[in-house]
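In: Sequence unavailable; structure follows:
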């Protein structure tokens with residue numbers, strides 16, 4: 001990973017955004033930079049101490065570079081970094097709201113279908129027997145689907161509680 005100064009980092013980042021306008025991904029990471037070994041404890045006694053910030057950028061392939069931003073330069077860097085990000089976000093894909101709406105409607109339809117009861121009517125023998133048998137099978141499938149949906153809701157509630 002190549003360590004560069006702040007201005008060079010912003011120039012390389014804009015070039016990376018331009019290179020990946022049609023397709024590709026870019027990963028950006030921010031991290032407080034400490035030179036201590038082991039875990040750093042976030043205690044209230046060290047609040048006066050300011051740490052530099054490490055900012056990394058990569059496209060997951062060959063472009064990997066980073067910069068260290070000192071606390072005194074942090075505000076200036078974030079202003080230019082923010083404007084660069086805002087100008088580069090125009091190439092993002094928009095959400096497919098039509099597909100999301102279709103999925104929501106389909107889920108609502110399935111839920112309504114589970115609420116409906118299948119009325120089993122018709123003769124046990126003679127004309128209409130097959131129709132009655134199909135309704136009986138459909139009622140059994142509906143009961144199984146209701147059980148499965150109830151188990152899924154319970155599992156979802158348990159996962160939310162823990």
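Out: Everything's here; your move. Here the structure is a predicted model, which means the values were calculated and not measured. Residues are numbered from 1 along each chain as shown.
In: what about the most far-flung residue of the chain relative to its centre, which helix or strand?
Out: The C-alpha centroid of the chain is most remote from residue 126, which lies 57.1 Å away (Cα atoms, centre = their mean). In the assignment (DSSP states H and E), residue 126 maps to no helix and no strand.
In: how close does it sit to residue 106?
Out: In this view, residue 126 and residue 106 are 39 Å apart by Cβ to Cβ, to the nearest Å. Bear in mind the C-beta positions are built from the backbone N, C-alpha and C, glycine included.
In: where are the low-confidence patches of this protein?
Out: Judged against pLDDT under 70, the low-scoring parts of the chain cover residues 35-48.
In: Which parts of it are helices?
Out: Ranges of helices in the chain, per DSSP state H, are 6-19, 74-88, 97-115, 129-161.
In: could you give the angle of the first one to helix 74-88?
Out: Right, the one you point to is helix 6-19. Interaxial angle of helix 6-19 relative to helix 74-88 (axes from the mean of the first three to the mean of the last three Cα atoms, to 10 degrees): 10 degrees.
In: Which of the helices of the chain sits closest to residue 58?
Out: Checking those against residue 58 by Cβ to Cβ gives helix 6-19 as the closest, at 8.6 Å.
In: which residue is nearest the centroid of the chain?
Out: In the chain, the C-alpha nearest the mean C-alpha coordinate belongs to residue 95, at 12.3 Å (Cα atoms, centre = their mean).
In: isn't residue 69 right next to residue 4, touching?
Out: No - judged on Cβ atoms under 8 Å, residue 69 makes no contact with residue 4 at a distance of 11.6 Å.
In: who has more neighbours, the two?
Out: A count of neighbours by other Cβ atoms under 10 Å puts residue 69 above the other of residue 69 and residue 4, at 21 against 14.
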